[in-house]
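Engineer: Requesting a structural model of the entry that follows:
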Amino acid sequence: MKSLMMQGVQILATGSAVPDSSLSNEEISQIVETSNNWIITRTGIEERRVLTGANKSIIDLAVLASLKALDKISMNASEIDLIILATSSPNDLFGSASQIQAQIKAYNAVAFDLTAACSGFVLAMITASQFLQTGTYKKVLVVGADVLSKWVDWSDRSTCILFGDGAGAMILQACVKLDNQILGFQLNTNGNYCNHLSLSYKEDSYSHSILNIYQGSFKYISMNGKDVYKFAVSQVPLSILKCLNSVNIAIDDIDWLLLHQANHRILKAVADKLSIDNKKIIMNVNKYGNTSAASIPLAFDEALKEGKILQNDLIVISGFGAGLTWGTILVHWKS
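Structural biologist: The predicted structure is shown next:
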């Protein structure tokens, strides 16, 4: 029988993967009317990675990121009990996590998808933590992966400049409370503004001749940039403060601010509202653009590789995006 005693959660390893093909602002300016200066001024993005070639999907990136995480700690994939794939661009609407399970040979793992767009990885981390803290599972692989280049309207200047493709993975393990790394979390949803950022389904104008069933297909990404900016800058700082207050930690104690990599203006505006020094912002949006559910684990993995995050550092992680959804996790790093 599984123990129901509450436990802590450790981050054992991280991994990330991006496509080889890059797309610069200059190249985008040959597709739509824009310029390198216009894009950098408004977004901070200099280039993004895009998955090119036939028969390529998020699975290719997700598997590579997962294997890198496993390799860092010499863990056999058979030790993984659960795989959660956070994505809004699956290659199978019935679920893509099982494909990761098969390809990395994690045959003892349950696998499922979680869809919450740019907040997906935060929600997936928290979901994994609940399974670990109750003792239901011991080791969980959380993957954030998106290939939104497949869902962008490349004639729409307001969105095609923003998005890139990538994947990030994190292996979490149950541990004794003293070694707990996830100190607290806070989540929100406001469905009244779901139309601000969506990838919606559109019915055909005609129905099946006998059944009166209207079928259709999914449209491209649609975004109200101004309102998404206002939402993020107003609500994300409140979420962070609520999370910190719940565990009695002050803003000044924070070593790193890791936000969803949507736009450098949003990242800096949130930091300014919280009076957090911009030197504490972990940022790689300039290299990869907005990679949706992949952005947080990708930036986290890079920060670790670069030696930015040190023993006992406190990291605020916050995701925000479609739904509208947003949430915060507080991590106490222990390598």
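Engineer: going forward, measure contacts between C-alpha atoms and count neighbours the same way
Structural biologist: Noted.
Engineer: so residue 89 makes contact with residue 147?
Structural biologist: Yes: the criterion here is CA atoms under 8 Å, and residue 89 meets it with residue 147 at 6.0 Å.
Engineer: ok, those two, which is more surrounded?
Structural biologist: More crowded of residue 89 and residue 147, by other CA atoms under 10 Å: residue 147, with 31 against 22.
Engineer: Chain neighbours aside, what residue packs nearest to the more buried one?
Structural biologist: Nearest residue to residue 147, sequence neighbours excluded (CA to CA, 6 or more residues apart in numbering): residue 165, at 4.4 Å.
Engineer: Which phi and psi values does the one you found adopt?
Structural biologist: Torsion angles at residue 165 (phi, psi; degrees, to the nearest 10) stand at phi -110, psi 150.
Engineer: Now the common contact residues for residue 89 and residue 147.
Structural biologist: residue 58 (CA atoms under 8 Å, 6 or more residues apart in numbering).
Engineer: quick revisit: residue 60 versus the residue nearest to residue 147, what's the distance?
Structural biologist: Look at residue 165 and residue 60: by CA to CA, to the nearest Å, they are 11 Å apart.
Engineer: go on, residue 264?
Structural biologist: 28 Å.
Engineer: Off-centre distance for stretch 225-242?
Structural biologist: 17 Å (CA atoms, centre = their mean, to the nearest Å).
Engineer: Can I take it that residue 64 is in a helix?
Structural biologist: Yes: the assignment for residue 64 by DSSP: H, G, I helix; E, B strand; the rest coil puts it in a helix.
Engineer: Spit out the contact partners of residue 89.
Structural biologist: 58, 146, 147, 148, 151.
Engineer: neighbours around residue 304, how many?
Structural biologist: 15.
Engineer: oh, and call the first residue 5 from now on, that's how I've got it
Structural biologist: Sure, I'll start counting at 5 from here, so that last one is residue 308.
Engineer: That one looks like it's in a strand, true?
Structural biologist: No: looking at residue 308 with three-state DSSP, it is helix, so not inside a strand.
Engineer: tell me the pLDDT at it?
Structural biologist: If you check residue 308, the pLDDT there is 97.
Engineer: contact partners of the longest helix seen in the chain?
Structural biologist: Using DSSP state H, we find that the single longest helix of the chain is helix 229-250. Outside helix 229-250, the residues that touch it by CA under 8 Å, 6+ apart are 162, 188-191, 200-201, 254-255, 270, 273-274, 277-278, 320, 322, 324-325, 330-334.
Engineer: Mind giving me the PyMOL command for buried ones among these?
Structural biologist: Applying 16 or more other CA atoms under 10 Å to the contacts of helix 229-250, the buried members can be selected in PyMOL as follows:
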select buried, resi 162+188+189+190+191+200+201+270+273+274+278+320+322+324+325+330+331+332+333+334
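Engineer: Return the subset of the contacts of helix 229-250 lying in strands.
Structural biologist: Using DSSP state E, the subset of the contacts of helix 229-250 located in strands is 188-191, 201, 320, 322, 324-325, 330-334.
Engineer: thought residue 259 was touching residue 282?
Structural biologist: No: the criterion here is CA under 8 Å, and residue 259 misses it with residue 282 at 11.0 Å.
Engineer: The two - which one has more neighbours?
Structural biologist: Ranked by neighbour count (other CA under 10 Å), residue 259 and residue 282 place residue 259 first, with 21 against 16.
Engineer: how about the nearest residue to that one, chain neighbours excluded?
Structural biologist: residue 318 (5.2 Å).
Engineer: if I look at that neighbour, how far off is residue 57?
Structural biologist: Taking CA to CA, one finds residue 318 at 40 Å from residue 57.
Engineer: The two - which one has more neighbours?
Structural biologist: Taking other CA under 10 Å, residue 318 and residue 57 do not tie; residue 318 has more neighbours (22 against 8).
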